[in-house]
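**Student:** sequence unavailable; structure follows:
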């Protein structure tokens, strides 16, 4: 059913934590149409929801059925979710299809979620990376080609079709409840690998703050490319300790050894192609976004770290209760 009394917005990646925060912020003033390639997402009665891949024929049917004012594209396939080829097909070719449909059906605004990974992790990075810094990730590892190409594609459409009003957001590490990216999986684990002799500085943004950033970008509609990051940062080794993880030292030499260990152990939170991000600092400058959109984070580093500590404590409590009740049941059975 088309809701004529509310402007319609398409949100991709609707099953993700960030998307659900964004949807909750916008749902009272807009009719949100949900799309996810993993599953059909049901958040509230009355919301239109579809499970579809962007390259499939059924995706255009959604544009025919609805009159979208804007598209918020949060549906990137995560680095750990599939093969390089599948990620490229989804993130790059799928995004191209999405942008082509936006142009074809007269969408007036598009917000695209990118990632700070596009800068690449290198010992030659400047202390603070602005939006003008080159995107070197694909030069350093083929596994990040899709991330760089997705953003390059969005940049091309930004200048080729100014009527689409494209805003590209490059956030630092998004963390917090429901977030399932590589770093969040790592901070949720009991043990965190650390490279011996290295502890890069890192930035973390709470998923709730990142949601506010996406909504501000949508509501204020100021096209361009923006880093989204906090003004404070912390060393990786300090972060994992504050999250309640036990550090597992990994030899850093020879150079290929950490990647080989990561591949052998199949660590989702510490995959081979992200090892350099746990070795070299990649600190981005969020000043432009903060000034342009009047943005300021509300969640502190302690809020983020305490979430992961409490999550571990809760898991430990549940495990102890399970052991207790199982032991009591066994005792009753033997009496």
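**Tutor:** Right, received. Where do you want to start? Computed from a prediction, not measured in an experiment: that's the story for all the values here.

**Student:** show me where the protein has strands.
**Tutor:** Secondary structure of the chain (DSSP state E): strands at 8-12, 31-36, 48-51, 68-73, 109-113, 166-171, 173-175, 191-195, 201-202, 204-206, 224-228, 234-235, 246-250.

**Student:** can you redo the ones you listed as CSV with mean pLDDT and distance to residue 266?
**Tutor:** Just so you know, the C-beta spots here come from the backbone N, C-alpha and C atoms, and that holds for glycine as well. Shown next, in CSV, are those (pLDDT from 0 to 100; distance: least, Cβ to Cβ, whole Å):
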stretch, mean pLDDT, distance to residue 266
strand 8-12, 97, 28
strand 31-36, 95, 25
strand 48-51, 93, 28
strand 68-73, 98, 30
strand 109-113, 98, 27
strand 166-171, 98, 26
strand 173-175, 97, 21
strand 191-195, 95, 12
strand 201-202, 98, 23
strand 204-206, 98, 25
strand 224-228, 98, 31
strand 234-235, 97, 26
strand 246-250, 96, 14
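
**Student:** with mean neighbour count and distance to residue 279 added, can I get those strands in CSV?
**Tutor:** Below are those laid out as CSV (neighbours: other Cβ atoms under 10 Å; distance: least, Cβ to Cβ, whole Å):
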stretch, mean neighbour count, distance to residue 279
strand 8-12, 25, 32
strand 31-36, 23, 33
strand 48-51, 17, 38
strand 68-73, 23, 30
strand 109-113, 25, 25
strand 166-171, 24, 20
strand 173-175, 25, 15
strand 191-195, 20, 5
strand 201-202, 18, 11
strand 204-206, 25, 18
strand 224-228, 23, 21
strand 234-235, 16, 12
strand 246-250, 14, 10
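
**Student:** any chance of the ones you listed in CSV, with distance to residue 129 too?
**Tutor:** As requested, those are exported to CSV (distance: least, Cβ to Cβ, whole Å):
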stretch, distance to residue 129
strand 8-12, 27
strand 31-36, 31
strand 48-51, 36
strand 68-73, 23
strand 109-113, 18
strand 166-171, 9
strand 173-175, 14
strand 191-195, 21
strand 201-202, 12
strand 204-206, 15
strand 224-228, 7
strand 234-235, 17
strand 246-250, 26
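
**Student:** tell me how many other residues crowd residue 268.
**Tutor:** By other Cβ atoms under 10 Å, 16 other residues sit near residue 268.

**Student:** gap between it and residue 102?
**Tutor:** According to Cβ to Cβ, to the nearest Å, residue 268 and residue 102 sit 32 Å apart.

**Student:** residue 193 against residue 246, yeah?
**Tutor:** No. With contacts counted by Cβ atoms under 8 Å, residue 193 stays clear of residue 246, the gap being 10.5 Å.

**Student:** can you list the low-confidence ranges for this protein?
**Tutor:** The chain contains residues with pLDDT under 70 at 1-4, 79-82, 140, 315-335.

**Student:** how much space separates residue 270 from residue 25?
**Tutor:** According to Cβ to Cβ, residue 270 stands 32 Å off from residue 25.

**Student:** more neighbours: which of those two?
**Tutor:** Counted by other Cβ under 10 Å, residue 270 and residue 25 do not tie: residue 270 has more neighbours, with 25 against 18.

**Student:** report the beta-bridge partners for the spatially closest residue to that one that is not a sequence neighbour.
**Tutor:** Distances taken as Cβ to Cβ, 6 or more residues apart in numbering place residue 193 nearest to residue 270, at 4.9 Å, with adjacent residues excluded. Assessed by DSSP bridges, residue 193 has beta-bridge partners residue 248.

**Student:** show me what contacts residue 193?
**Tutor:** By Cβ atoms under 8 Å, 6 or more residues apart in numbering, residue 193 lies in contact with 248, 250, 261-262, 267, 270, 278.

**Student:** and if we set it to 10 Å?
**Tutor:** Residues in contact with residue 193 (Cβ atoms under 10 Å, 6 or more residues apart in numbering) are 186, 240, 245, 247-250, 258, 261-262, 265, 267, 269-270, 275, 278.

**Student:** repeat for residue 261
**Tutor:** Residues near residue 261 by Cβ under 10 Å, 6+ apart: 193, 248, 250-251, 267, 270, 272, 275.

**Student:** now those in CSV, with distance to residue 139?
**Tutor:** As requested, the contacts of residue 261 are arranged in CSV below (distance: Cβ to Cβ, whole Å):
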residue, distance to residue 139
193, 24
248, 29
250, 24
251, 25
267, 24
270, 22
272, 16
275, 16
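
**Student:** just these now: which is nearest residue 120?
**Tutor:** Nearest to residue 120 among these: residue 275, at 12.6 Å, using Cβ to Cβ.

**Student:** the nearest residue to the closest one once chain neighbours are set aside and residue 274: what is the separation?
**Tutor:** Nearest residue to residue 275, sequence neighbours excluded (Cβ to Cβ, 6+ apart): residue 258, at 4.9 Å. Separation of residue 258 from residue 274 (Cβ to Cβ): 11 Å.

**Student:** the helices in the stretch 101-250 of the chain, which residues?
**Tutor:** For the stretch 101-250 of the chain, the helices defined by DSSP state H, counting those that start in this stretch occupy 137-140, 145-160, 182-188, 207-220, 236-242.

**Student:** looking at the ones you listed, which is nearest to residue 107?
**Tutor:** Closest approach to residue 107 among the helices of the stretch 101-250 of the chain is made by helix 145-160 (11.2 Å; Cβ to Cβ).
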